[in-house]
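Student: pasting a predicted model and its sequence here:
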Amino acid sequence: MQENKVLTRRVGKYEALDVEAYKALGGLRGLEQALRAGPQAVLEEIERSGLTGRGGAGFPEGLKWQAAAREDKYPKYFICNADEGELGTFKDKVLLDGDPWAVLEGILIAAYAIGAQHAYIYIKGEYEATCQLWEKLALQAEQAGLLGERILGSEFSVSFHVAKGRGPYIAGEEFALIASLEARRPMSRLKPPYPTVQGLFGGPTVVNNVETVANVPVILAQGAEAYRKLGTRDEPGTRLFSLSGDVKLPGVYELEIGSGTLRELIDEFGKGTTHGRPIKAVQPGGGTSALLADGSLDCALTTQTIRKAGSGLGTAGVIVYEEGKSALDIVGGLLDFYGFESCGRCSPCRIGVVTMKEIIERLSRRKGTADDLERLRQIGRACVAASTCGMGQAFPLPVLSALELFPEDFNAGLRQTSAKEFDSRIVR
Amino acid sequence: MKGAKAVKAFKMQTYQKLLEKSGGVTKESLFIFLGKVQDTFGYVPREVVCDLAARTGVAEARLYGALTAYGDFEIGSEARD
């Protein structure tokens, strides 16, 4: 198993603001090809390539773009979502810092294909240096004739804006991001209507993750057929895996989809666990994905196989926990974060996360009551079923899976008394 | 009192310069502009919120509602002026 560098092949090879160096390394070929072929051909090419979204949901990009391109409302918007707040995920930063022109090229091709007049990039505020880099990059690109009116001498014009995130984790969610750019509170809403129909300022909008966008110039430059040679039939291409947690060598590794297993990723690239202890659990798709126990780590790195194993590939942020940690500590830490970041719009998430955290805290103090575990399960399931946005639907997953995988950790937190007796003691 | 007035005048002057540099502000660029105000002053002054509300037609209350939802926006300066 070895790295297969497609998106990261230019990372660190050129000075970030130097467009000429980027061109010399084979850059802008995708954009030139796109402008020659016309928007319809680009849409078809992307559809043929089978590119799926890399931000967590894995939606087919061809469909999304076509839905926005079909709309008859103007202006249209394209947003590149660089607000990667998911725990254990830091792959976008590598592309934003290491190969920003490729990301910009992808944004331009996408905006051209869907017929957008405005393109935004929404960068996580904590990436201070990256934000500054992109502001300079936008000026440079304008001087180089890559932004603004009649790009590269074609009929295509687009205005480009760099927005800096201002803190909230939830602003990385599609609708919350849109609300944020509209200078409203960052909150999700129910769908449909999807953003491709009614998004930013009511116009058709496509929101794409940075990694997805970085795939676009590659597809255009080498053609969909060549692109499909990598990866599996359902998921062509490569993915950036952010490996973190209890491993010796955390980092971002680009692997062909389906080329290895989760265990190989941890052992070969992560060089094993920090203290050499066995692995207790792994979250393969960021902080909101279900835990996988040591027994199910031999699944291939594709969305389907990981789903079959009982989790999700999500943002491909692999977090490793080694033996010696209590499951209560693991989920307690996660719930702390999601409790802080819940936007409070819908009640299952707003109330559920706090209640679940209270129960976990109680269990951690060995004060858990007999029905606490069942209550934890019920609240978790209710949140999954009834929350508005992806965060509310996903944050209970690690807790629910931990309950299945490590019941002994939870049982250890029980005080051996009945709920009735416990409650009556508190009341008095 | 004279000092406070001078501070206020200076603040508005800085704000006007920022406005000119960004080529005005519309609903579309409001979020990015608020960010620039925050980065310039270290907070978003009350006078600026007033003025932005008038310019963009967004209610002042809505602007405060939004500003307070973000951890990185401040609506008052640490040092009282």
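Tutor: Received it, and whenever you're ready, just let me know what you need.
Student: help me confirm that A:K64 comes into contact with A:G199.
Tutor: No: using C-beta atoms under 8 Å, A:K64 makes no contact with A:G199, being 11.3 Å away. All C-beta atoms are positioned from the backbone trio N, CA, C, and that covers glycine.
Student: ok, the two, which is more surrounded?
Tutor: Neighbours of A:K64 and A:G199, each counted by other C-beta atoms under 10 Å in any protein chain shown, are more numerous for A:G199; the result is 27 against 23.
Student: please enumerate the shared neighbours of A:K64 and A:G199.
Tutor: A:V206 (C-beta atoms under 8 Å, 6 or more residues apart in numbering or on different chains).
Student: could you look up the SS state of the residue of the stretch 151-300 of chain A found nearest chain B?
Tutor: Nearest residue of the stretch 151-300 of chain A to chain B, counting by C-beta to the nearest C-beta: A:G167, 3.2 Å away. Under DSSP: H, G, I helix; E, B strand; the rest coil, A:G167 falls in the coil class.
Student: B:E74 is in contact with that one, correct?
Tutor: No: A:G167 is beyond contact range of B:E74, at 11.1 Å (criterion: C-beta under 8 Å).
Student: can you give me every residue that contacts the residue in chain B that chain A sits nearest to?
Tutor: With C-beta to the nearest C-beta as the measure, B:G71 is the residue of chain B nearest to chain A, at 3.2 Å. Residues near B:G71 by C-beta under 8 Å, 6+ apart: A:R166, A:G167, A:P168.
Student: and these as a markdown table, adding pLDDT?
Tutor: Formatted as a markdown table, those follow (pLDDT from 0 to 100):
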| residue | pLDDT |
| --- | --- |
| A:R166 | 94 |
| A:G167 | 89 |
| A:P168 | 92 |
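Student: any quick PyMOL command for the buried ones out of these?
Tutor: Buried members of the contacts of B:G71 can be picked out in PyMOL with the line below, counting by 16 or more other C-beta atoms under 10 Å in any protein chain shown:
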select buried, chain A and resi 166+167+168
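Student: nearest residue to A:F59 other than its sequence neighbours?
Tutor: Spatial nearest neighbour of A:F59, chain neighbours left out: A:G53 (4.6 Å); criterion: C-beta to C-beta, 6 or more residues apart in numbering or on different chains.
Student: quick one, what contacts that neighbour?
Tutor: A:G53 makes contact with A:F59, A:P60, A:E61, A:K64, A:N208, A:N209, A:T212, according to C-beta under 8 Å, 6+ apart.
Student: my guess is the third one meets A:I46, correct?
Tutor: If I follow you right, that is A:E61. Yes: using C-beta under 8 Å, A:E61 is in contact with A:I46, at 5.6 Å.
Student: identify the residues contacting the longest helix seen in chain A?
Tutor: Criterion DSSP state H: the longest helix present in chain A is helix A:347-364. For helix A:347-364, the external contacting residues (C-beta under 8 Å, 6+ apart) are A:326, A:328-329, A:331-332, A:335-336, A:338-339, A:342-344, A:368-369, A:372, A:375-376, A:379-380, A:382-383, A:385-389, A:391-392, A:395-396, A:399, A:410, A:413-414.
Student: contacts with chain B among these, please.
Tutor: A:C343 (C-beta under 8 Å from any C-beta of the partner chain).
Student: just the contacts of helix A:347-364: which are in helices?
Tutor: Using DSSP H, the subset of those located in helices is A:328-329, A:331-332, A:335-336, A:338-339, A:372, A:375-376, A:379-380, A:382-383, A:385-386, A:391-392, A:396, A:399, A:410.
Student: so the closest residue to A:P250 other than its chain neighbours is in which element?
Tutor: Nearest residue to A:P250, sequence neighbours excluded (C-beta to C-beta, 6+ apart): A:S244, at 4.5 Å. Element membership of A:S244 [criterion: DSSP states H and E] is strand A:238-245.
Student: I'd like the distance from the longest helix of chain A to the chain centre, please.
Tutor: Distance of helix A:347-364 from the chain centroid (C-alpha atoms, centre = their mean, to the nearest Å) equals 24 Å.
Student: one more: stretch B:40-54?
Tutor: 2 Å.
Student: what residues of that stretch count as buried?
Tutor: Buried residues in stretch B:40-54 (16+ other C-beta under 10 Å): B:T40, B:F41, B:Y43, B:V44, B:P45, B:V48, B:V49, B:D51, B:L52, B:A53.
Student: what of stretch B:15-24?
Tutor: B:Y15, B:L18, B:L19.
Student: residues in contact with the first one?
Tutor: I take that to be B:Y15. Residues counted as contacts of B:Y15 (C-beta under 8 Å, 6+ apart) are B:V37, B:P45, B:E47, B:V48, B:D51.
Student: take those residues and write them to CSV, including distance to A:K357, secondary structure and pLDDT.
Tutor: Putting the contacts of B:Y15 into CSV (distance: C-beta to C-beta, whole Å; DSSP: H, G, I helix; E, B strand; the rest coil; pLDDT from 0 to 100) gives the following:
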residue, distance to A:K357, secondary structure, pLDDT
B:V37, 35, helix, 95
B:P45, 37, coil, 92
B:E47, 40, helix, 91
B:V48, 38, helix, 93
B:D51, 42, helix, 94
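Student: go ahead and flag the most central residue of chain A.
Tutor: Most central in chain A under C-alpha atoms, centre = their mean is A:G55, positioned 3.3 Å from the mean C-alpha point.
Student: for the residue lying closest to it once chain neighbours are set aside, give the beta-bridge partners.
Tutor: Nearest-residue entry for A:G55: A:N209, 3.2 Å, with adjacent residues in sequence omitted and distances by C-beta to C-beta, 6+ apart. Here A:N209 sits in beta bridges with A:N81, as judged by DSSP bridges.
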